[in-house]
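Q: Quick one: sequence and predicted model below, then my questions.
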Amino acid sequence: MAETGLNRAKEICQDRAVSARELKAGGRKIIGYLDIFPVLEMMTALDLVPYRLLGDINEPITRADTCLPTVVCPFLRSVMDLGLKGKYDFLDGVVMAHGCEVSEKTAHIWRIYLDPPYAHFLDTPHTTHPSARQQFKALLKYFKETLEVFTGKELSTEKLREAIRIHNRQRALVRELYHLRKPDPPLVSGVETVQVLIALASLPVAEGNELLRQVIGEVKQRKNGPPGKPARLMVWGSIIDNTALIDLMESIGANVVMDDTSLGSRAYFPPVEPTDDPLDGLAHRYLVALNSPRTFRETILNKINKKDYLTDLENRFGYLKDYAREWSVNGVILQVLRYCDIHGYEVPGLSDYLDHIGLPGIYLEHDYGKAALAQLRTRVQAFLEIIG
Amino acid sequence: MAEEKKKRVINRLKTMYPLRALVDGTYEKAIAASREGKPVAWCMVNWWGGDAILRAMDVAAIYPEDYGAVCAAFGAAPAYLASADADGFPTHMCGYARNCLGYAAQMKESGDIPPEAPMGGMPRPTLLLGSGYFCDTRYKWFQSLGRYLDAPVWVLEMPHPGVKESRLKGAREHDISFLVAELEGFISFLERLLGRKVDRDRLTEIIDDTIEMNRVWHEVNELRRAKPCPMHSRDFWSSMPAALYMAADPRVTAGLYREMYDEVKSMADSHLGAIPEEKYRLAFAELPPWHSLGFFNQLAERGWNFVVESWAYHPPKPIDLTRVTNPLERIASLTYQYFTGYFEDAFATGDWWGYFAHPYLELAREYRCDGIMLHPLLTCRTATNHLMVVQDQLMKKLKVPSLIIEGDIVDLNLFDPADALRKAETFEETMSHYRKVRQAAGLAW
Ligand code: SF4
Ligand code: SF4
């Protein structure tokens, strides 16, 4: 019998390509996308399957050296490496955005070396200025246009509304799953959560929603959830697209109960608000509501036209205080992939903020390799002792 | 330095010195302005629109990127880098940024310009102007300066055209309107901050002069196609900041570039090269090792002439703006041209990526390069992430080989000149070999 719920999620995680190839064999078109800025609803509305491009920590990077140098974040190099090795050969196209400088470059390099039948680069402004919002909406119209040409179908407002509804449903279900991490002990572990998130990134949204319903039902009923641990951690930073780091933490005395990373809460928490023109709601959600350090939030000025550092930090990181309170977090792991500038610049400021709100944190830099993770073990252990 | 002067392997242009002096003078001017209570801005390169507005509003602008190069050249960078490291900024991030963060940390601690700061230092800013093109550092760096400075940050947005999507109907117009709206937004921000209005007539004048300054500077570089090449990259790097950072009144700068044009032209007419014997013509990508520029003398002794550099530090190819009446649209169009000037050529050859990698093909062909030196920077993704593609495409399409020398713009420890020289020696054979391969393939040089 086919697996369901958490087992199904784990199974998908072990080989993401299986479900993609099945869908492809069933006549579905699959579009790879990078990061959280490509607007998924527009693909779903045209019956395309958005399939997130992830790396593989277990696969040594050998081919990407020919087109992405080692000073590029190892996650992107891994994605490119898999592409060059044909591991994404089931894709009918790719959509990449300006999530960060290097992901934008990867969009173009992917196009040069893999030449997919469909490719769209979605430029993404860096600020939430009124002109940036307008610009982003205009750019979404271009995205719509190339999708329509590719599929030969019209992307009607009705179809888009329906796609928004079903993606919002997924966002609500992910929140519900995250709520199950609030009790002590949490009802679902950090590793299990990552497995579900990877599975969601590999399935059409409706199937993902079904999987989430199963997982939530199963988790609520089971008696053998994760044991309680003294440390309840929140993990912040660069993408985590595998279970290795979380597993390390959970195996030495922590419950990972919350995250702020781009495969996790960051990708799902804000829904699309209803607007007359759905593109307005989408533009707002993806540019303004998504909390990513790649989007510059206006500095708060005081009456004498000076910036107040603490107010600025509150403006940028205040939501983490809310997460910490709601999920009863007692320690934060700031983890940054080597060469990830977007997150690297945040580290001293976020550390200051955590100090200010009295929450212990530790900074870990790693290079997307299992060997390096093992070296972090001692540091995490020492940190757990402090907070435990 | 003394030894370098004595040998004079690279024939430095006389007209370069006043251009370099303009940039060096910005620090002194900013300090004087600050003492008089006038506003000072720390800026990222913003491709002229933001610069013109600041100048029209009489705000003294200095560029911590340039200051990073200054600190590297004066040996002051290691102490600032150490400060940034101690404060927890990851060491893999931009050397210029970490230099500046360390500088600001020391400034906060001492309450004033750090005593050892080269060129008199950068005075405390009234505002920080970031920009949204090229690298994440361009706005994240200034945002993280909030730890040390209470100056507000404005990020001037910019689109990323020069790719296939830029050809969609109306896309160019959208991008230009976006640039214009952003410049207007910056004007409003500045007017609020400074409590006074911009003088629009003055702004129009500055914009026109800026366009002209870039045109002349472009013409200077065109002369470098001559064989032997009369102007070495070292003169380019010394002269480029005057335009890229708008170091002075652009009318004055344009005048100095005109003088440079005359000098380079007369050398080209007399077949005089920048080095005594030009055996190899090279392009350079991207930023040079500012702390070790003497290395180019050693290469010049071997007959290596550096005839062109990264397009990204060059002025835009001139375009006709006579029909554009709105001054902000004129400067926005110039910025847009900078982003996309190589795009049509790229597109015509079936390349979707009209900037970064593709321009090198055009430059290598037009400046008849025997090779290119690629300088991957361990702390700058922007200057590095396309270099493998450049290497690959230059070889595949033009049979031009690449020499890769790793290093950094600020951190001396990441550059090994002895190893670099060894690699260069071997590379000469490679260049000679590919000369024959190009000939056999019917390529023009
Ligand atoms: S981990 Fe950082 S550098 Fe890598 S893709 Fe994400 S934001 Fe960009
Ligand atoms: S382009 Fe590179 S060197 Fe320049 S500011 Fe950006 S990261 Fe730093």
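A: Received, thanks. Ligands and ions are numbered 1, 2, ... in the order given.
Q: Strands of the chain, residue ranges please.
A: Using chain A. Ranges of strands in chain A, per DSSP state E, are A:29-33, A:48-52, A:93-97, A:118-122, A:231-237, A:254-260, A:331-337, A:361-366.
Q: Let me rephrase: I mean chain B.
A: Using DSSP E, strands in chain B cover B:40-43, B:60-62, B:127-131, B:153-156, B:280-285, B:304-309, B:371-374, B:402-404.
Q: so what's residue B:268 up against?
A: By Cβ atoms under 8 Å, 6 or more residues apart in numbering or on different chains, the residues touching residue B:268 are B:223, B:226, B:230. Bear in mind the C-beta positions are built from the backbone N, C-alpha and C, glycine included.
Q: any idea how far ligand 2 is from residue A:72?
A: Remark: distance between residue A:72 and ligand 2 (Cβ to the nearest ligand atom, to the nearest Å) = 13 Å.
Q: quick one: that residue and residue B:381 touch, right?
A: Yes - using Cβ atoms under 8 Å, residue A:72 makes contact with residue B:381 at a distance of 6.1 Å.
Q: Which neighbours do those two have in common?
A: In contact with both residue A:72 and residue B:381: A:102, A:105, A:339, using Cβ under 8 Å, 6+ apart.
Q: can you tell me which of the residues you listed lies nearest to residue B:163?
A: Proximity of the shared contacts of residue A:72 and residue B:381 to residue B:163 (Cβ to Cβ) peaks at residue A:105, which lies at 10.8 Å.
Q: Who's the closest spatial neighbour of the closest one, skipping the chain neighbours?
A: residue B:385 (4.6 Å; Cβ to Cβ, 6 or more residues apart in numbering or on different chains).
Q: Correct me if wrong: that neighbour contacts residue A:69.
A: Yes - under the criterion of Cβ under 8 Å, residue B:385 makes contact with residue A:69 at 6.4 Å.
Q: who has more neighbours, the two?
A: residue B:385 (28 against 24; other Cβ atoms under 10 Å in any protein chain shown).
Q: confidence score at the more buried one?
A: Looking at residue B:385, its pLDDT reads 91.
Q: Contact partners for it?
A: By Cβ under 8 Å, 6+ apart, the residues touching residue B:385 are A:68, A:69, A:71, A:72, A:101, A:102, A:105, A:109.
Q: With distance to residue A:306 added, can I get the strands of chain A in JSON lines?
A: Formatted as JSON lines, the strands of chain A follow (distance: least, Cβ to Cβ, whole Å):
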{"stretch": "strand A:29-33", "distance to residue A:306": "41"}
{"stretch": "strand A:48-52", "distance to residue A:306": "42"}
{"stretch": "strand A:93-97", "distance to residue A:306": "34"}
{"stretch": "strand A:118-122", "distance to residue A:306": "36"}
{"stretch": "strand A:231-237", "distance to residue A:306": "28"}
{"stretch": "strand A:254-260", "distance to residue A:306": "29"}
{"stretch": "strand A:331-337", "distance to residue A:306": "28"}
{"stretch": "strand A:361-366", "distance to residue A:306": "27"}
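Q: Residue A:320 touches residue A:260, doesn't it?
A: Yes - using Cβ under 8 Å, residue A:320 is in contact with residue A:260, at 6.2 Å.
Q: Overlap in contacts, the two.
A: What both residue A:320 and residue A:260 touch, as defined by Cβ under 8 Å, 6+ apart, is the set A:234, A:236.
Q: Leaving out the residues flanking it, which one is nearest to the residue nearest the centre of chain B?
A: Centroid check for chain B by Cα atoms, centre = their mean gives residue B:313 as the closest residue, at 3.5 Å. In space, and not counting its chain neighbours, residue B:313 is closest to residue B:240: 5.2 Å by Cβ to Cβ, 6+ apart.
Q: Can you get me a residue count around the one you found?
A: Neighbours around residue B:240, by other Cβ under 10 Å: 20.
Q: what does residue B:437 give?
A: Residues near residue B:437, counting by other Cβ under 10 Å: 13.
Q: what about it, distance to residue B:317?
A: 30 Å (Cβ to Cβ, to the nearest Å).
Q: Give me the phi and psi for whichever residue of the stretch 101-250 of chain B sits closest to ligand 2.
A: Nearest residue of the stretch 101-250 of chain B to ligand 2: residue B:135, at 3.3 Å (Cβ to the nearest ligand atom). Torsion angles at residue B:135 (phi, psi; degrees, to the nearest 10) stand at phi -150, psi 160.
Q: In contact with the nearest residue to residue B:123 once chain neighbours are set aside, which residues are there?
A: Nearest non-adjacent residue to residue B:123, counting by Cβ to Cβ, 6+ apart: residue B:34, 3.7 Å away. By Cβ under 8 Å, 6+ apart, the contact list for residue B:34 reads B:40, B:60, B:123, B:124.
Q: ok and the residue in the stretch 251-400 of chain B nearest chain A?
A: residue B:353 (4.2 Å; Cβ to the nearest Cβ).
Q: What sits closest to that residue if chain neighbours are left out?
A: Once flanking residues are discounted, residue B:353 sits nearest to residue A:108: 4.2 Å by Cβ to Cβ, 6+ apart.
Q: cool, residue B:135 as well?
A: residue B:382 (3.9 Å).
Q: thought the one you found was touching residue A:101?
A: Yes - judged on Cβ under 8 Å, residue B:382 makes contact with residue A:101 at a distance of 6.0 Å.
Q: thinking again about what came up before, which pLDDT value goes with the residue nearest to residue B:353?
A: 94.
Q: pretty sure it contacts residue A:119?
A: No - assessed by Cβ under 8 Å, residue A:108 is found out of contact with residue A:119, at 9.2 Å.
Q: Which neighbours do these two have in common?
A: What both residue A:108 and residue A:119 touch, as defined by Cβ under 8 Å, 6+ apart, is the set residue B:352.
Q: what about these two, which has more around it?
A: Using other Cβ under 10 Å as the criterion, residue A:108 and residue A:119 rank with residue A:108 on top: 27 against 24.
Q: Count the residues that sit near the residue nearest to residue B:135.
A: Neighbour tally, residue B:382, other Cβ under 10 Å: 22.
Q: now do residue A:22
A: Neighbour tally, residue A:22, other Cβ under 10 Å: 11.
Q: Look up how far ligand 2 lies from the residue nearest to residue B:123.
A: According to Cβ to the nearest ligand atom, residue B:34 and ligand 2 sit 23 Å apart.
Q: now do residue A:75
A: 19 Å.
Q: related to what we said a few turns ago, most surrounded residue in the contacts of residue B:268?
A: residue B:230 (26 neighbours).
Q: contacting residues for that one?
A: So residue B:230 contacts B:223, B:224, B:264, B:267, B:268, B:272, B:273, B:274 (Cβ under 8 Å, 6+ apart).
Q: In this model residue B:9 seems to touch the last one, though I could be wrong.
A: No - with contacts counted by Cβ under 8 Å, residue B:274 stays clear of residue B:9, the gap being 9.6 Å.
Q: Comparing those two, which residue is more hemmed in?
A: Neighbours were counted for residue B:274 and for residue B:9 using other Cβ under 10 Å; residue B:274 has more, 25 against 17.
Q: Quick check: phi and psi on the more buried one?
A: Backbone torsions for residue B:274, taken as degrees, to the nearest 10, come to phi -80, psi -20.
Q: Could you list which residues are in contact with it?
A: B:10, B:11, B:228, B:229, B:230, B:231, B:232, B:235, B:300, B:305.
Q: so where's the stretch 1-150 of chain B uncertain?
A: Along the stretch 1-150 of chain B, segments meeting pLDDT under 70 span B:1-7.
Q: Export the strands of chain A to CSV and append columns for distance to chain B and mean pLDDT.
A: CSV is the format used below for those (distance: least, Cβ to the nearest Cβ, whole Å; pLDDT from 0 to 100):
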stretch, distance to chain B, mean pLDDT
strand A:29-33, 15, 98
strand A:48-52, 18, 98
strand A:93-97, 10, 98
strand A:118-122, 5, 98
strand A:231-237, 11, 98
strand A:254-260, 17, 98
strand A:331-337, 6, 98
strand A:361-366, 6, 96
